[in-house]
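need a 3D model of the sequence below.
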Amino acid sequence: MINKIYQKYVLIFSLLVLTSSCTKLDLAPTDTISPDKAFRNINDINLGLLGAYALVDYTPISLVSTVSDEATFPTENTVGNSDAFRWLYTAGSGSVTSLYASYYTAIDRVNRTLAGLDALTLAGADLATGSRYRGELLALRAYFHFELLRNYASAYQTGALGVPYMKISTISYPARDNFEVVVANAKADLGLAKDLIPTSFTDRTRITKTAVSAIRARLALYEKNWTEAIAYANEVIAAYPLATKAQFPGIWTDANESEVIWKAKRVGTTDSRVGDFYYRQTGGIVLYAPAFKLVNAFDKVNDIRYAAYIKFDATRTGTKSQYLVNKYIGGTTTAPGLADIKLFRTGEMYLIKSEAEAESTGDAAGDLNMLRAARINAYVNQTFSDKASLIAAIIEERYKELAFEGHRFYDLKRRNLPVVRLAADAVNASGAVTLPVTQAQYALPLPALEISVNKNTVQNPGY
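All right, here's what the predicted structure looks like:
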């Protein structure tokens, strides 16, 4: 919906999309509109900004569910391709590479809109609005690069291959920036953004000052900057308390916004439905079901997350999966599967903080217990004998709390842990039970088209 409005003003292609079948990248583009014509006033800047927001979608969620141990490929799914689930993906597999083009398109939209904003002379109320728009644009640029880094970095450590950090819209052959360079650039953009976005701006469908802190907290976790992770998580926790037990189920039916910091709003019949990835309404086919490993991890009686996330339907018999993902059921019967995408929540902030405290200093067990007490009826605080057991408990809690939100695969990679499925979850995976850290597919490949066209880039090892 937003996308259609935006396309009236600017037709944009990213580095990857621009290539298509043409290899003469030195040619001046003929399918774009100059910023001085596309962005004539502050309203046009907002349209450009909305065009970038429009590309925030559920692809990272579906990708993680496919390649991690949080979902299974049920027998009834006879219409889907299981190659990604079986870890057979290559540089030519769109199931794992499509995000690359999509998010660089978004970054290109951001950079073009920033250029348009730079060319405007603003005064009065437009000056303040333009300042906020600039903050949102810079934050979006950091967010999209960070998501690309989570997906396509060869590893999450200094010296590892990252992704190109694009600050201007240009046709070029960028080399891959190292992990730490991408992190530093994202932190710089986020720092500027936080100063530009006013505290009074509280629209949760866009990036607020608190949302910037949430992005910084998550970024610090990947950087292993424990001090910053704690500090930024604390900022968010102070602004957005955990949902109560009564409020929590309503988050997932969009009945309320409790503890939701930033979300991608989904409305009408034109927006993509995240629920459709798991359950196809036409024909009633479960495409991906909750893994038995995940189902077994919950206290099904006392943990309020279980019913909010997972549905058991005893009427589905034979080859049909009796477990379904309930998290994206949506709020209406007229548009099942249409649910807002919760990009950042307070629950994640507690887990970021507790992990950072466990790795440095602070009451990690206390923060973990606080989150559990908010989610589990009659919960009794747990103590931990050593750091290893505490870290293991935090990672397990992330598995449950953040299920189907696009984190599990990256969490295992952060901790250098293999993906290990139960045999029952791999019955349709040709024996794909364990993905070791040494296998090429432990890092996702860059698209084959990017490798073939961009003479200065390199593929992740093993492909």
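
burial count for Asp363?
Residues lying near Asp363 (other C-beta atoms under 10 Å) number 13. Placement of C-beta: from N, CA and C, glycine included.

I'd say it and Glu357 touch.
Yes - using C-beta atoms under 8 Å, Asp363 is in contact with Glu357, at 6.4 Å.

rounded mean pLDDT for stretch 297-305, please.
The average pLDDT within stretch 297-305 is 98.

list the buried residues for that stretch?
Ala297, Phe298, Asp299, Asp303, Ile304, Arg305 (16 or more other C-beta atoms under 10 Å).

now do that stretch: distance to the chain's middle.
Chain-centre distance of stretch 297-305: 25 Å, with C-alpha atoms, centre = their mean, to the nearest Å.

now what about it, what contacts it?
245, 248-249, 306, 310, 375-379, 396, 399-401, 403 (C-beta atoms under 8 Å, 6 or more residues apart in numbering).

same deal with stretch 92-101?
Contacts for stretch 92-101 (C-beta under 8 Å, 6+ apart): 14, 16-17, 59-60, 63, 66-67, 81, 83-84, 89, 91, 147-148, 151-152, 444-448, 450.

show me which of those residues are buried.
14, 16, 59-60, 63, 66-67, 84, 89, 91, 147-148, 151-152, 444-448, 450.

for Ala429, the count of nearby residues, please.
So Ala429, with other C-beta under 10 Å, has 17 neighbours.

that one and Arg421 touch, don't they?
Yes - counting by C-beta under 8 Å, Ala429 touches Arg421, with 7.5 Å between them.

hmm, back to that, so which of the buried residues of stretch 297-305 sit within helices?
Ala297, Ile304, Arg305 (DSSP state H).

I'd like the residues you listed laid out as JSON lines, including distance to Lys194.
Compiled in JSON lines, these are given as follows (distance: C-beta to C-beta, whole Å):
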{"residue": "Ala297", "distance to Lys194": "36"}
{"residue": "Ile304", "distance to Lys194": "33"}
{"residue": "Arg305", "distance to Lys194": "31"}
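
quick revisit: filter the contacts of stretch 297-305 down to the buried ones, PyMOL style.
A single PyMOL command selects the buried members of the contacts of stretch 297-305 (16+ other C-beta under 10 Å):
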select buried, resi 248+249+306+310+375+376+379+399+400+401+403
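
Lys413: which of the contacts of stretch 297-305 is nearest?
Tyr399 (13.7 Å; C-beta to C-beta).

gap between the strand or helix carrying the closest one and the chain center?
Using DSSP states H and E, Tyr399 maps to helix 387-401. In terms of C-alpha atoms, centre = their mean, the centre of helix 387-401 is set 20 Å apart from its chain centre.

give me the contacts around that helix.
Contacts of helix 387-401 (C-beta under 8 Å, 6+ apart): 70, 294, 297-298, 303, 305, 347-348, 351, 354-355, 358-359, 364-365, 368, 371-372, 375, 382, 384, 407-408, 411, 415, 417.

quick one: name whatever helix or strand follows it.
helix 408-414.

give me the distance between that following helix and the centre of its chain.
Worked out by C-alpha atoms, centre = their mean, helix 408-414 lies 12 Å from the chain centre.

now do that helix: which elements does it pack against?
Under the contact definition 3 or more C-beta pairs under 8 Å, 6 or more residues apart in numbering; DSSP states H and E, helix 408-414 sits against helix 59-67, helix 209-223, helix 387-401.

return the most buried member of these.
helix 209-223 (a mean of 24; mean count of other C-beta atoms under 10 Å).

now it: mean pLDDT?
In the prediction, helix 209-223 has an average pLDDT of 98.

what packs against the next helix or strand after that helix?
Next helix or strand after helix 209-223 toward the C-terminus (DSSP H and E): helix 226-239. Under the contact definition 3+ C-beta pairs under 8 Å, 6+ apart, helix 226-239 sits against helix 209-223, helix 346-359.

quick one, helix 226-239 and helix 209-223 angle?
Orientation check (axes from the mean of the first three to the mean of the last three C-alpha atoms, to 10 degrees): helix 226-239 against helix 209-223 gives 150 degrees.

nearest to Gln157, of the ones in helices among the buried residues of stretch 297-305?
Nearest to Gln157, judged by C-beta to C-beta, of these is Ala297 at 28.2 Å.

relative to Gly347, how far out is that closest one?
16 Å (C-beta to C-beta, to the nearest Å).

repeat for Thr97
For Thr97, the distance to Gly347 - C-beta to C-beta - is 30 Å.

so Leu190 sits in a strand?
No - assessed with DSSP: H, G, I helix; E, B strand; the rest coil, Leu190 is helix; it does not lie in a strand.

pLDDT score assigned to it?
98.

find the nearest non-adjacent residue to it, please.
When the adjacent residues along the chain are set aside, Leu190 lies closest to Ala142, with 4.8 Å between them (C-beta to C-beta, 6 or more residues apart in numbering).
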